[in-house]
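> Structure, please.
(2 chains)
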2 protein chains.
Amino acid sequence: MEKMFTYSQLYTFCKNVFTAMGCSETDATTAAKALVAADARGIDSHGVARLSGYVRLWEAKRVNAVPNVRVVHESPSTAVVDGDAALGLVAAPFAMQVAIDKATSCGTGWVSVKNSNHFGIAGYHAMMALKHDMIGIAMTNASALVAPTFSVERMLGTNPIAVAIPAGSQPAFVADFATTTAANGKLEILQRKNADTPMGWVQTKEGTASTNANELKTGGSLLPLGSDREHSSHKGYALGAIVDIFSAVLSGANYGPWVPPFPAYVPMPENMPGEGIGHFFGAMRIDAFRTADEFKANMDNWIQRFRSAKTIAGEEKVLIPGDPEREMEAERMKNGIPILDVVVEDLIKTGERFAVSFA
Amino acid sequence: MEKMFTYSQLYTFCKNVFTAMGCSETDATTAAKALVAADARGIDSHGVARLSGYVRLWEAKRVNAVPNVRVVHESPSTAVVDGDAALGLVAAPFAMQVAIDKATSCGTGWVSVKNSNHFGIAGYHAMMALKHDMIGIAMTNASALVAPTFSVERMLGTNPIAVAIPAGSQPAFVADFATTTAANGKLEILQRKNADTPMGWVQTKEGTASTNANELKTGGSLLPLGSDREHSSHKGYALGAIVDIFSAVLSGANYGPWVPPFPAYVPMPENMPGEGIGHFFGAMRIDAFRTADEFKANMDNWIQRFRSAKTIAGEEKVLIPGDPEREMEAERMKNGIPILDVVVEDLIKTGERFAVSFA
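You can find the predicted model right below:
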């Protein structure tokens, strides 16, 4: 069913594929680190399983391997970055670094990105801020799979939000979540098992409740966080909309139903109003508000108090956002990263295309 | 059951009560506008129904009618405001104006507030940014009523988030929502009707699912947006936590289970780590990213496309965040604002305390 790889095997393989695609040494390194971070942290749907998808986008000339990623508009605390059709795995770390630099000089930095592609996991980019004693924020839009409350049309992507907040002796708080009830990767797991979804994850193309994990293949939709009106799906819809507007309307990327699809074989939407897909990044220097020491002491107290909250009978503990991914990363860096056989085959085939093999 | 009042009657009455409490003319005006905006927009739980609660906090010396609200720490794009125990209705507009001023000079402004009190509806403060062609953001923590995923302890308030985004010919996008499945005001409506809640809004003090609208009175909790783990309540918990940290850990206010309660008769928590309750405000100048005209043309297109999305059979239309409140405001400014008899009696009694009557 699956094989074990070391982080370093996966990283080197991806870097070599990106280099073979024509990426510079620097860009290939940046992209491989961002991509394999997903596998290390246990978000398998966003890691090496997507490598061949990125290659197909490059073959379709929708990904530019030698982009001129640059700031095209700025103020002391803001910028718009033109990704020049780069891998999102390259454009996103560039833009997050611009946000960090702006925060260094004026307290906070906010960067909206156009003309980019899928950027991997949002949390990886947000976490870049932590070592600077900054709060990091990352979000992105994505192609439309989600029906707003009362809609049968897919209008929004799963549009994730990540917020990374430094602490002192405690590990950082790292929230990273799709603004839907369930991410698409969870449907894929159920599809492989031939299992149903719980009610509240998807609806049919007529907008009726469904438990069919394959519903999206016949025109159905994912549901916003909240699932239905009675459980406040309008809030999940609003969150997804905010991510879309900050990522794409602020930058001039495509938004809503016009966001380009990830699979290269899916035709592009008609009458696209912008360029590529959009992201949004923020960095806030802690000591632009209060001393980092005071803040971290309070964060440690916050984390310890929440972690020790009394649990429901049968539940082990109350988690802090980021706990599961951090524990997974420690375990996988030590014992290896399991990759499904079907993904291994796909990687080998992708490698053969460029005469790149596993070390 | 209810009586009709004009906006002006309610505004003048509240202003006179705040003046009688000792507020300056300016502060009383600011506070009355912020408070009655809730009634005008149909968020009745946060308007004049709370006036007597604010008065009781002043009587308990937890609200300072003559505060020195001031910036105590700043950078070009950030500030911390000490509310000096002011009404949140006074401290919040002050802090939002600081955010707007910082955005004017350096693109964005971000202000965390400590030592404040409840600030009414978040959307009112966020909307202050709109006339400056800025995006406005407002959030606040509140006393703990919400159990994080797996917890039986109440650790977070309903911690709302508001985001106001200007458009061109279309009305602004204004999202304003509690990070719980249901706001506390919705429970109060069901209590008055002796009705049950849907599953997924509350849990018992042991953490089991419940439909009892009175559950919070016996140690139960509101649930984070998402309701349960299977429907991603950990995302609603993360959102509420982010609001808490931005509002209180960044500023030095109380956070988590230590946030002071709104009812003046409820004892204060022990070992409070900060001062008062906390808020967080942001303002982003549109033209710090791209020209306001380009942005607004895209926002109009965004809004029109979403509003015209195909609906589920039986549903009239897909709403844009802010539609219901704006339509309610237009209707109530024209035809008057209905106030429940029990609230009218409470207002009359509050007026008598200060020899203030309805105009």
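> Disregarding flanking residues, what is the spatial nearest neighbour of residue A:250?
Leaving aside its sequence neighbours, residue A:250 sits nearest to residue A:112 (Cβ to Cβ, 6 or more residues apart in numbering or on different chains; 4.0 Å). In short, each C-beta sits where N, CA and C put it, glycine included.
> ok, the one you found - how many residues close by?
Residue A:112 sits with 29 neighbouring residues when counted by other Cβ atoms under 10 Å in any protein chain shown.
> Now do the same for it: helix, strand or coil?
Secondary structure for residue A:112, judged by DSSP: H, G, I helix; E, B strand; the rest coil, is strand.
> how about it, what does it touch?
A:78-81, A:246-248, A:250-251, A:278-280, B:289 (Cβ atoms under 8 Å, 6 or more residues apart in numbering or on different chains).
> Quickly list what it is bridged to.
Residue A:112 has these beta-bridge partners by DSSP bridges: residue A:80, residue A:280.
> Can you tell me how far it is from residue A:176?
Distance, residue A:112 to residue A:176, by Cβ to Cβ, to the nearest Å: 19 Å.
> swap in residue A:223?
Separation of residue A:223 from residue A:176 (Cβ to Cβ) stands at 20 Å.
> The two: which is more packed in?
Taking neighbours as other Cβ under 10 Å, residue A:223 and residue A:176 compare with residue A:223 leading, 27 against 24.
> ok, that one touching residue A:145?
No. Residue A:223 is not in contact with residue A:145 according to Cβ atoms under 8 Å; the separation is 10.2 Å.
> Skip the chain neighbours and tell me the closest residue to residue A:2.
Nearest to residue A:2 is residue A:338, by Cβ to Cβ, 6+ apart, at 4.4 Å.
> which helices and strands sit right next to the host helix or strand of the one you found?
Element membership for residue A:338 (DSSP states H and E) is strand A:337-340. Contact analysis of strand A:337-340 by 3 or more Cβ pairs under 8 Å, 6 or more residues apart in numbering or on different chains; DSSP states H and E lists strand A:2-5, helix A:7-20, helix A:25-40 as its packing neighbours.
> what does that strand rub up against?
Contacts of strand A:337-340 (Cβ under 8 Å, 6+ apart): A:1-7, A:10, A:39-40, A:44, A:48-49, A:347.
> Name only those of those that count as buried.
When the contacts of strand A:337-340 are checked for burial by 16 or more other Cβ atoms under 10 Å in any protein chain shown, the buried set is A:5, A:7, A:10, A:39, A:40, A:44, A:48, A:49, A:347.
> which one of these is nearest chain B?
In terms of Cβ to the nearest Cβ, no member of the buried ones among the contacts of strand A:337-340 lies closer to chain B than residue A:44, at 18.1 Å.
> Quick check, the closest one in contact with residue A:37.
No. Taking contacts as Cβ under 8 Å, residue A:44 lies outside contact range of residue A:37: 11.9 Å.
> Can you name the residues that contact the closest residue to residue A:332 other than its chain neighbours?
With Cβ to Cβ, 6+ apart as the criterion, residue A:332 has its nearest non-adjacent residue at 5.4 Å, and that residue is residue A:40. The neighbourhood of residue A:40, defined by Cβ under 8 Å, 6+ apart, consists of A:7, A:47, A:328, A:329, A:332, A:333, A:337.
> Give me the subset of those that lies in strands.
Using DSSP state E, residue A:337 are the members of the contacts of residue A:40 that sit in strands.
> So which of the contacts of residue A:40 sit within helices?
Among these, the ones falling in helices (DSSP state H) are A:7, A:328, A:329, A:332, A:333.
> And the second one, how close does it get to residue A:41?
Noted for residue A:328: a distance of 6 Å to residue A:41, by Cβ to Cβ.
> same check, this time on the fourth one
Going from residue A:332 to residue A:41 by Cβ to Cβ gives 8 Å.
> Neighbour count: those two, which is higher?
Looking at residue A:332 and residue A:41 with other Cβ under 10 Å, you find the greater number of neighbours at residue A:41, namely 24 against 19.
> so the more buried one makes contact with residue A:123?
Yes. The criterion here is Cβ under 8 Å, and residue A:41 meets it with residue A:123 at 7.2 Å.
> anything in contact with each of these two?
Taking Cβ under 8 Å, 6+ apart as the criterion, residue A:41 and residue A:123 both touch residue A:325.
> which non-adjacent residue is nearest the residue of the stretch 251-359 of chain A at minimum distance from chain B?
Residue nearest to chain B within the stretch 251-359 of chain A: residue A:312 (3.3 Å; Cβ to the nearest Cβ). Residue nearest to residue A:312 in three dimensions, not counting chain neighbours: residue B:207, with 3.3 Å by Cβ to Cβ, 6+ apart.
> before we move on, what about residue A:298?
Spatial nearest neighbour of residue A:298, excluding adjacent residues (Cβ to Cβ, 6+ apart): residue B:249 at 4.8 Å.
> Please report how far the residue nearest to the spatial centre of chain A lies from residue A:41.
Centre of chain A computed as the mean C-alpha position; nearest residue by Cα atoms, centre = their mean is residue A:121, 2.9 Å away. Going from residue A:121 to residue A:41 by Cβ to Cβ gives 7 Å.
> same deal with residue A:303?
For residue A:303, the distance to residue A:41 - Cβ to Cβ - is 19 Å.
> and if you look at residue A:24?
From residue A:24 to residue A:41 the distance is 26 Å (Cβ to Cβ).
> quick one on the thing from earlier: pick out the most distant pair among the ones in helices among the contacts of residue A:40.
A:7 and A:328 (12.2 Å; Cβ to Cβ).
> coming back round to it: tell me the spacing between the residue nearest to residue A:2 and residue A:7.
Residue A:338 sits 12 Å away from residue A:7, going by Cβ to Cβ.
> again, but for residue A:128
Residue A:128 sits 18 Å away from residue A:7, going by Cβ to Cβ.
> ok so, going back, quick check: pLDDT value at the residue nearest to residue A:298.
On pLDDT, residue B:249 comes in at 98.
> residues touching it, list them.
With contact taken as Cβ under 8 Å, 6+ apart, residue B:249 is in contact with A:295, A:298, A:299, A:302, B:255.
> and if you look at residue A:92?
Residue A:92 neighbours (Cβ under 8 Å, 6+ apart): A:34, A:113, A:116, A:119, A:120, A:125, A:138, A:140, A:279, A:281.
> ditto for residue A:278
By Cβ under 8 Å, 6+ apart, the contact list for residue A:278 reads A:112-114, A:116, A:140-141, A:244, A:247-248, A:250-251, A:253-255, A:259.
> List the ones among the residues you listed that fall in strands.
A:112, A:113, A:114, A:116, A:140.
> quick one: which of the residues you listed is nearest to chain B?
Using Cβ to the nearest Cβ, residue A:112 comes nearest to chain B of the ones in strands among the contacts of residue A:278, at 5.4 Å.
> Distance of that closest one relative to residue A:55?
For residue A:112 relative to residue A:55 (Cβ to Cβ), the value is 27 Å.
> Just the buried ones out of the contacts of residue A:40, please.
By neighbour count, with 16+ other Cβ under 10 Å, the contacts of residue A:40 hold A:7, A:47, A:328, A:329, A:332, A:337 as buried.
> My read is that the first one contacts residue A:333, right?
Yes. In this structure, residue A:7 is within contact of residue A:333 by Cβ under 8 Å, at 5.8 Å.
> Could you dump the ones in helices among the contacts of residue A:40 into a markdown table and include pLDDT?
Shown next, in a markdown table, are the ones in helices among the contacts of residue A:40 (pLDDT from 0 to 100):
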| residue | pLDDT |
| --- | --- |
| A:7 | 98 |
| A:328 | 98 |
| A:329 | 98 |
| A:332 | 98 |
| A:333 | 98 |
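> who's in contact with residue A:252?
Shown in contact with residue A:252 (Cβ under 8 Å, 6+ apart): A:80, A:114, A:274, A:275, B:290, B:294, B:298.
> Residue A:73 too?
A:79, A:80, B:289, B:290.
> If we use 6 Å, what do you get?
By Cβ atoms under 6 Å, 6 or more residues apart in numbering or on different chains, residue A:73 lies in contact with residue A:80.
> And the helices in the stretch 201-350 of chain A?
Counting by DSSP state H, counting those that start in this stretch, the segments of the stretch 201-350 of chain A that form helices are A:233-244, A:292-307, A:323-335, A:341-354.
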